[in-house]
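J.: here you go, sequence then predicted model.
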Amino acid sequence: MTLADRVTLRAVVLPAESMASSRAEKLLSEYGHDVANARTPEQALELLQEEEADLLVVDVSNSNDNKSFIHRLAEMPVGVRPRNVVVFADRADESLSALRRRLRWHVLFKPLHLHGLLSVLRQLDGAGELAKA
């Protein structure tokens, strides 16, 4: 089944701070998307392996584990990675910039990260990656 055959996208959210991730999860859910909340990087990987994800949202703020996870994910085969990755960060980091350039991942800085997430959803919709509800 392709994304065009579905009404919603499948998203996985890996938090670092409960407030930021719960807002992202709530936003995605309110837009009608299927959202799974991972408690750990290992659980996020399990969710990604269970079923292909259209979007992964990872908060790396104050979380070395989450930051390591996205770097490991970047080295995995394309088929394992989600179609789109959004990284929430609280400060600029050259390694994140390199991932953004190399893989075209979205790196969004707090406190405007949710506005950026909305923009990413609009881009996906405009590119035909989201089916109309």
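T.: Looks like it came in fine.
J.: ok, now which ones touch the residue lying closest to Leu103 once chain neighbours are set aside?
T.: In space, and not counting its chain neighbours, Leu103 is closest to Ala74: 6.0 Å by CB to CB, 6 or more residues apart in numbering. Heads up, the C-betas are built off the backbone N, CA and C, glycines and all. Counting by CB atoms under 8 Å, 6 or more residues apart in numbering, Ala74 touches 81, 99, 102-103.
J.: stretch 60-73 - what's its average pLDDT?
T.: Stretch 60-73 shows a mean pLDDT of 94.
J.: gap between that stretch and the chain center?
T.: Remark: stretch 60-73 is offset 12 Å from the chain centroid, using CA atoms, centre = their mean, to the nearest Å.
J.: now swap in stretch 34-51 and tell me
T.: 11 Å.
J.: mind listing what's buried along that stretch?
T.: The neighbour-count check on stretch 34-51 (16 or more other CB atoms under 10 Å) flags 34-38, 41, 44-45, 47-48 as buried.
J.: okay, now the unreliable bits of this structure?
T.: By pLDDT under 70, the low-scoring segments of the chain are 1-7, 17-21, 128-133.
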